[in-house]
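In: Below is the structure, and that's it, no one-letter string:
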């Protein structure tokens, strides 16, 4: 290996992100222009960058409205870009969602709607259902984020408390043709879970949402509970005639990103093994399991011999019990480092491909064989930091944070364990 372990891991992370950038994945999925007008709508951390690429490659007139996270806007000439809050929604997102719903009303069968959706869209389109306030949605969102619920479970609840998600936005577009271009950030790549599926059918129910709320002991405001218990929050189901003209393309997925990283590893003479693109569970538990696999490679050359890299994607969860600065990826890495206990020749990187892990403008971090030793030398107790959910504080103190800035895409978390 000509590259240092850290440099190789950094290159693999960069390749994973680059594979999902809109300029790489949008143009080949563009539909033919319609006889009528072309309207562009969308939401997510990558949606503004997607809109910019679409404008550059679209042969005719178009206009539209797209909502992205604060700091993620890019210049567009014909498509209006609005910034709003993520992961907890705000009034800017609510206003933009309401305007978007109004803009698609009154279209004809000759018109085309191109919907650009990526991760983060759930928070960026917070149009509450009947009897639910923005403050209700904010409180429920915060509770879900801390509960340990999976992204699929969180989005099920969000869909049924919304006036725009769960296929409702596509229904408002009817009878226009709708082409969805989706960048997936969810395990399993299910369109209904990407930004809570504003333009696709949803087979889940209000009863399912209530079960999730009970499972995680989420306190629901009276209006939200009434919406779910009455069934008035029901989403559009498969087979709904208003969705007959909807076509959906997954233009970038976690698997594509992992395959790009695997190519970098092979070029460096390192054998890649993709363990899965949709791994879920508590981040600290996944860290322990990944450490065990890496140690099996070191000790027994199973499931393959070193030098190799173990790649995985998906979205873990963190049940917040401490008061530290944390995120899924740094929680995973801190638990991994503790479980490895300084094993020689094992290095790791983990990061969110959107550049933001948790609430921090930090993508993730690196682990090296001397991570624990360097922490102890600084008087830092790794287990104490893990108990406090303080992964960002831990890795920043060591100078091992991975900071990319906004990547303008999002195919979920990327994890790589290099065993040399």
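Out: Sure thing, it's come through. Since this is a predicted model, take the numbers as computed values, not measurements. Residues are numbered from 1 along each chain as shown.

In: Show me how this protein divides into domains.
Out: Domain assignment of the chain by automatic domain parsing yields the ranges 5-16+255-419, 23-252.

In: Serialize the ones you listed to CSV and add fields for mean pLDDT and mean neighbour count.
Out: All C-beta atoms are positioned from the backbone trio N, CA, C, and that covers glycine. Supplementary listing: those in CSV, determined by pLDDT from 0 to 100; neighbours: other Cβ atoms under 10 Å:
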stretch, mean pLDDT, mean neighbour count
domain 5-16+255-419, 96, 21
domain 23-252, 96, 21
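
In: mind listing the strands in the stretch 1-150 of the chain by residue range?
Out: For the stretch 1-150 of the chain, the strands identified by DSSP state E, counting those that start in this stretch occupy 38-43, 63-69, 79-84, 112-117, in order along the chain.

In: all helices of the stretch 101-250 of the chain, in order?
Out: In chain order, the stretch 101-250 of the chain shows helices spanning 121-124, 134-147, 151-160, 168-173, 206-215, 222-230, with DSSP state H, counting those that start in this stretch as the criterion.

In: which strands and helices sit next to the longest one?
Out: Meaning helix 134-147. Secondary structure elements in contact with helix 134-147, counted by 3 or more Cβ pairs under 8 Å, 6 or more residues apart in numbering; DSSP states H and E, are helix 151-160, helix 222-230.

In: For the most centrally placed residue in the chain, list the residues it contacts.
Out: What sits nearest the mean C-alpha location of the chain, by Cα atoms, centre = their mean, is residue 185, with 3.7 Å. Residues touching residue 185, when contacts are defined by Cβ atoms under 8 Å, 6 or more residues apart in numbering, comprise 118-120, 194, 254, 315, 353-354, 410-412.

In: Select, from those residues, the two members most distant in space.
Out: When the contacts of residue 185 are compared pair by pair using Cβ to Cβ, the farthest-apart members prove to be 120 and 254, with a separation of 15.1 Å.

In: OK, contacts around residue 167?
Out: Shown here is residue 167, whose contacts under the criterion Cβ under 8 Å, 6+ apart are 197-202, 235-236, 240, 242-243.

In: Go through the residues you listed and say which is closest to residue 293.
Out: Nearest to residue 293 among the contacts of residue 167, with distances taken as Cβ to Cβ, is residue 197, at 33.5 Å.

In: Centre of the chain to the longest strand along the chain, how far?
Out: In the chain, assigned by DSSP state E, the strand with the most residues is strand 271-279. Its chain's C-alpha centre and that of strand 271-279 lie 18 Å apart, by Cα atoms, centre = their mean, to the nearest Å.

In: packing partners for that strand?
Out: helix 254-267, strand 308-314.

In: So for residue 149, which of those sits nearest?
Out: Smallest distance to residue 149 across the helices and strands packed on strand 271-279 (Cβ to Cβ): 14.8 Å, for strand 308-314.

In: quick one on the thing from earlier: right, so of the helices of the stretch 101-250 of the chain, which gets closest to residue 416?
Out: Closest to residue 416 of those, according to Cβ to Cβ: helix 151-160, at 21.1 Å.

In: and the end-to-end length of stretch 343-358?
Out: Across its full length, stretch 343-358 reaches 28 Å end to end, with Cα to Cα, to the nearest Å as the criterion.

In: Could you do stretch 146-163 as well?
Out: Stretch 146-163 has an end-to-end distance of 24 Å (criterion: Cα to Cα).

In: For the helices and strands packed on strand 271-279, give me CSV that also has distance to residue 359.
Out: As requested, the helices and strands packed on strand 271-279 are exported to CSV (distance: least, Cβ to Cβ, whole Å):
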stretch, distance to residue 359
helix 254-267, 22
strand 308-314, 20
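
In: circling back to that earlier point, right, and the helix or strand after the longest strand of the chain?
Out: Next helix or strand after strand 271-279 toward the C-terminus (DSSP states H and E): helix 283-300.

In: can you give me how far stretch 174-184 is from the chain middle?
Out: Mean C-alpha position of stretch 174-184 versus that of the full chain (Cα atoms, centre = their mean) differs by 19 Å.

In: And stretch 207-218, by the same measure?
Out: For stretch 207-218 - counting by Cα atoms, centre = their mean - the centre lies 22 Å from the chain centre.

In: Same question for stretch 220-237.
Out: Relative to its chain's centre, stretch 220-237 lies at 25 Å (Cα atoms, centre = their mean).

In: got the end-to-end distance for it?
Out: In terms of Cα to Cα, the two terminal residues of stretch 220-237 are separated by 24 Å.

In: Against residue 354, how distant is the closest residue to residue 261 other than its chain neighbours?
Out: Ranked by Cβ to Cβ, 6 or more residues apart in numbering and with sequence neighbours excluded, the top spatial neighbour of residue 261 is residue 12, at 4.0 Å. Counting by Cβ to Cβ, to the nearest Å, the separation of residue 12 from residue 354 is 17 Å.

In: before we move on, what about residue 160?
Out: Here residue 160 is placed at a distance of 25 Å from residue 354 (Cβ to Cβ).

In: for residue 266, same thing?
Out: From residue 266 across to residue 354, the span is 26 Å (Cβ to Cβ).

In: residue contacts, residue 40?
Out: Taking Cβ under 8 Å, 6+ apart as the contact definition, residue 40 lies against 51, 54, 62-66, 79, 113-116.

In: How about the contacts made by the closest residue to it other than its chain neighbours?
Out: Spatially, and ignoring its direct neighbours in sequence, residue 40 is nearest to residue 64 (3.0 Å; Cβ to Cβ, 6+ apart). Counting by Cβ under 8 Å, 6+ apart, residue 64 makes contact with 39-42, 51, 78-80, 103, 114.
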